[in-house]
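Q: quick one, structure for this:
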Amino acid sequence: MRHGLRILAQMPPQVNGHIDLLGFTQFGDKPTDRIQCVNIFYPMVERLSERERADSRQILGAAVVHEIGHLYLGPNQQAHSPAGIMCGVWKHRQFELANLGELHFSQEQGGRIRTALSTN
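A: Residues are numbered from 1 along each chain as shown. Now for the predicted structure:
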């Protein structure tokens, strides 16, 4: 399966009750397919960087890491957590931590990622 990263120049569609969507993962055609590509909406990175007064490079990096996390942790229900890099809806605290380079995976998520990497 081929994996990739795309930095998109457009704003995200208005979905999920107008949640500020930084990116998304693309799944394969069948439920058993692995995620094929991660996508980041760069205009949203810039908008949230201004609103949260955070470095856009830090926000971009954190968004990319979050989406790549889905490659190893699975879709939203399996991967999202109430805090940290895999938080499903980022609040001010996540942007603060991203700006400091301190937005991390949980211990449990780190273990799952290491297990997934060791089986590949």
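Q: please count neighbours and contacts with C-alpha atoms only from this point.
A: Noted.
Q: now residue 6: phi and psi?
A: Dihedral pair for residue 6: phi -120, psi 130, per degrees, to the nearest 10.
Q: didn't it look like it was pressed against residue 38?
A: Yes - with contacts counted by CA atoms under 8 Å, residue 6 reaches residue 38, the gap being 6.3 Å.
Q: tell me who's in contact with the residue nearest the centre of the chain.
A: The C-alpha lying nearest the average C-alpha coordinate of the chain belongs to residue 66 (CA atoms, centre = their mean; 2.6 Å). By CA atoms under 8 Å, 6 or more residues apart in numbering, the contact list for residue 66 reads 85, 86.
Q: now swap in residue 49 and tell me
A: Taking CA under 8 Å, 6+ apart as the criterion, residue 49 is in contact with 55, 56, 59.
Q: please check these and keep the buried ones.
A: When the contacts of residue 49 are checked for burial by 16 or more other CA atoms under 10 Å, the buried set is 55, 56, 59.
Q: from residue 45, how far off is the second one?
A: What it means is residue 56. Going from residue 56 to residue 45 by CA to CA, to the nearest Å gives 6 Å.
Q: repeat that for the first one.
A: The span separating residue 55 from residue 45 equals 10 Å under the rule CA to CA.
Q: what of residue 11?
A: Noted for residue 11: a distance of 9 Å to residue 45, by CA to CA.
Q: the more surrounded of the two?
A: Neighbours around residue 11 and residue 45, counted as other CA atoms under 10 Å, are more numerous at residue 45. The numbers are 25 against 17.
Q: quick check: the more buried one touching residue 60?
A: Yes - when contacts are counted by CA under 8 Å, residue 45 is listed as touching residue 60 (6.1 Å).
Q: the closest residue in space to residue 25 that isn't next to it in sequence and residue 109, how far apart?
A: Leaving aside its chain neighbours, residue 25 sits nearest to residue 38 (4.4 Å; criterion: CA to CA, 6 or more residues apart in numbering). Note on residue 38: its distance to residue 109, by CA to CA, is 18 Å.
Q: so what's the closest residue to residue 41 other than its chain neighbours up against?
A: Of all residues beyond its chain neighbours, the one nearest residue 41 is residue 8 (4.9 Å), with distances taken as CA to CA, 6+ apart. The contact partners of residue 8, by CA under 8 Å, 6+ apart, come to 39, 40, 41, 42.
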